[in-house]
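Enquirer: here's my sequence, what's the structure:
(chains A and B)
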Amino acid sequence: MSDTVNAADHPSGAYVFRLYLAGGAPNSVRALANLYAICRQHFPESHRIEVIDVLKEPLRALAEAILVTPTLVKVSPAPEQQIIGNLSEEDEVLRALGLPQKETA
Amino acid sequence: MSDKKRADVLEKIPSGIEGFDDITSGGFPRRRTTLLMGGPGCGKTVLALQMLVSGAMRGAPGIFVAFEENARRVAANGETFGWDMRELEKKQLFFVDACLRCDVVKSGAFDLTGLLAALEAVTRKMGTKVIVFDAIDVLLSLLDDPAAECRELYRLHEWLAAHELTGIFTTKVEDNKPATAQRYGFMPFMADCAVLLSQRVENRVAARMMRVLKYRGSSHVLNEVPFVIGPAGLEVGSTNGVHPEPQPLNERVSTGIERLDAMLSGGVYRGTNVLLTGSSGTGKSTLAGAFIAAACQRGERALFISFDENSGDIVRDLASISIDLAPHLASGLLRMVAIRTEAASSEEHFMRMKRLIAEQQPRCVAIDPLSALSRMGGELAARVVAERMIYLFRNAGITVLVTSLLEGIDPHLETTPMHISTIADSWIQITYALHDGERNRALSILKSRGSKHSNQLREMVFSDTGITLTDPYSAGGEVLMGALRIEKENAMRAEGERKRHEIEQKRRDVELIMTERDHRLEAAQRDLQNRSEEIGTLTRAEETSTDESTQRQDNVVRKRDGELLQEQAPRAKPGNDKPASVAVKKRGKSK
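Expert: Prediction:
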């Protein structure tokens, strides 16, 4: 069982994510899919995802100190949080986002 | 033959560090990967940065990726070595702050594609030649999977190769483990060149060491070599340095003590080294002072390095035996530097001396005592440093006198700490000769290359007027010293006096005899004169006789005259050996 969290519970409003990817690299593709799944499940109405392809905008990634791909940055609600990896370990992602984790029953 | 051929294949990038280029036969491999390993504080980052900076100064742009330290701080550290980072960063240097945030969360697999894309973009813009990845282990540890670590590192490696870039990786290793047994043990296998930096403590003093573990396709020094991080970056003490051999000089340099110079057949050769050994209080420092004073008097620049003794004290002590260094210090001809032994390792002392020599440009140097080096950082390190120091002086044509304490070492063994006696050109030893409740300083020359030298053991005496070596006296197979020597000197004086007296006495005796003989000769002459006058009187009395009797009388007179003439002959020769008295006596007898 998992709780559904409404945007109303977060006074700051919607979840804003930036996902740095490396083109069609396997980990990048997987990360994007995983992120969509999490968003759909936990806050289907209140999220925004910006995807940045570091292969196309390498200097931007550098300026924002992105080293590894994929990297997910939760911009809001504050505080900003960085999650690296293909987001396959959902519990880690949820914990980092401050959401209740799935029950391991 | 193959050297030239190999150079076509394997190009090198000079590191800008003389000693490092020596041990790697030219520097880092171009378009290949080098791994710098070491424990914390070993100087990996400084070495990588220095290499990058020196390349940038020659116009080869580089990127520094900092995984552990803040990139701004790394750049700021560069400023402390006198490198103009701000200026270099305008065109030649690019710093990438690749410190991961401490609160970063990991979820699933990732790779370095993003970083490589960024680096590629910068490289294209700047024309980068070299990229340093500082603390690559920090990045790898994030992967937390040995297979992934290996894969990502190879990805980096491949990427560098594909872009014809020279890569420098630095990584931590645990000090007490061999590099290959470490977590990232595969790294040395991947890299084309691997250098291990270490820091170890011997006798409470830290010393930095580096060793080239491997260098594909190139010769390199296998040994561990010492290095320091000085005010201008890394200084590597290479033992491989092939320097042009200096021309030997035939000029003699005075030791400052006339009689010692004589023992060395005119002094020591210019550009050679003199080792002065002896236990404490034997006067090594004083001799060093005399040597330096003599150099200054000849108008030569000099440097006096003393360990654990203040320059002021040395000047004062030397002044007490009429060796005055003060005017030379004032004129700048002489520079005296007192170094606290405890302050640094022998290697650091060496680097400091090198700088001092560069500043003062001396022709003569004294180091008192060189053995102080072995107190700091262990015997072996000190020995290496001492040797390199000797070669440094030899190559610079500097005449150097080093003293060495022989403490707790049997003087009869005639060995020196750090075994510097084997590379010393001249070796003078001062010992204490114990005899009859006295301690006297005895100086002897154990070795003097290319010179005839005295084999005598000489007593050295310090006085208000300076240092001198006494005349050698020996008795019963031993050289006399101190009171025994003074006794002998007194005895010699007394003997001389006695002989002089004896001769004087004899001379007076002979004179007396001669005077007496003169007197007797005078008396005899007077007697002779009286007698001839008597004969004259008698002759005149007889002239009144008859012709006949006159005729007879004449015959008698003629006979007497003949006899007289005969007897007068010896007297006619005054300087005759035969004493006159003999003639007188003979005549007396004939009467």
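
Enquirer: so the nearest residue to residue B:115 once chain neighbours are set aside, which of the three states?
Expert: On the basis of Cβ to Cβ, 6 or more residues apart in numbering or on different chains, the spatially nearest residue to residue B:115 that is not a chain neighbour turns out to be residue A:67, at 4.8 Å. Where you see a C-beta, it was placed from the backbone N, CA and C, and this is true even at glycine. Three-state call for residue A:67 (DSSP: H, G, I helix; E, B strand; the rest coil): coil.

Enquirer: gap between residue A:67 and residue B:161?
Expert: 21 Å (Cβ to Cβ, to the nearest Å).

Enquirer: any idea which element residue B:443 lies in?
Expert: Per DSSP states H and E: residue B:443 is located in strand B:438-448.

Enquirer: so the helix or strand that that strand is followed by versus strand B:438-448, what angle?
Expert: Proceeding C-terminally, strand B:438-448 gives way to strand B:458-463 as the next helix or strand, assigned by DSSP H and E. Angle of strand B:458-463 versus strand B:438-448, following axes from the mean of the first three to the mean of the last three Cα atoms, to 10 degrees, is 120 degrees.

Enquirer: centre of the chain to strand B:458-463, how far?
Expert: Chain-centre distance of strand B:458-463: 22 Å, with Cα atoms, centre = their mean, to the nearest Å.

Enquirer: re earlier: just confirm the residue nearest to residue B:115 contacts residue B:98, I think it does.
Expert: Yes: using Cβ atoms under 8 Å, residue A:67 is in contact with residue B:98, at 5.0 Å.

Enquirer: pull up the overlap in contacts between those two.
Expert: B:115, B:139 (Cβ atoms under 8 Å, 6 or more residues apart in numbering or on different chains).

Enquirer: low pLDDT regions in chain A?
Expert: Applying pLDDT under 70 to chain A flags the ranges A:1-13, A:101-105.

Enquirer: can you list the residues of it near chain B?
Expert: A:20, A:22-23, A:25, A:27-28, A:30-31, A:34, A:54-55, A:58-59, A:61-62, A:65-71, A:81-90, A:92-93, A:95-96 (Cβ under 8 Å from any Cβ of the partner chain).

Enquirer: in stretch B:46-58, what counts as buried?
Expert: Within stretch B:46-58, the residues that qualify as buried are B:46-56, counting by 16 or more other Cβ atoms under 10 Å in any protein chain shown.

Enquirer: just checking, which of those residues belong to strands?
Expert: Nothing among the buried residues of stretch B:46-58 maps onto strands, per DSSP state E.

Enquirer: possible to save those residues as CSV with pLDDT?
Expert: Output for these, formatted as CSV (pLDDT from 0 to 100):
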residue, pLDDT
B:46, 93
B:47, 93
B:48, 94
B:49, 94
B:50, 94
B:51, 93
B:52, 93
B:53, 93
B:54, 92
B:55, 92
B:56, 91
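
Enquirer: ok, of these, which one's closest to residue B:424?
Expert: residue B:47 (34.5 Å; Cβ to Cβ).

Enquirer: can you give me the helices in chain A?
Expert: A:26-42, A:58-63, A:90-97 (DSSP state H).

Enquirer: residue B:346 touches residue B:371, doesn't it?
Expert: No: look at residue B:346 against residue B:371 with Cβ under 8 Å: they stay out of range, at 10.7 Å.

Enquirer: neighbour count: the two, which is higher?
Expert: Shown here are residue B:346 and residue B:371; by other Cβ atoms under 10 Å in any protein chain shown, residue B:346 has more neighbours (30 against 23).

Enquirer: how near is the more buried one to chain A?
Expert: Distance of residue B:346 to chain A, computed by Cβ to the nearest Cβ, to the nearest Å: 42 Å.

Enquirer: and that residue, what pLDDT?
Expert: Residue B:346 is assigned 73 on the pLDDT scale.

Enquirer: same question, residue B:417
Expert: Listed pLDDT for residue B:417 reads 56.

Enquirer: pLDDT of stretch B:143-150, averaged?
Expert: Mean pLDDT, stretch B:143-150: 81.

Enquirer: which non-adjacent residue is nearest the spatially most central residue of chain A?
Expert: The residue lying closest to the centre of chain A (Cα atoms, centre = their mean) is residue A:72, at 4.7 Å. Excluding the flanking residues, the one nearest residue A:72 by Cβ to Cβ, 6+ apart is residue A:83, at 4.4 Å.
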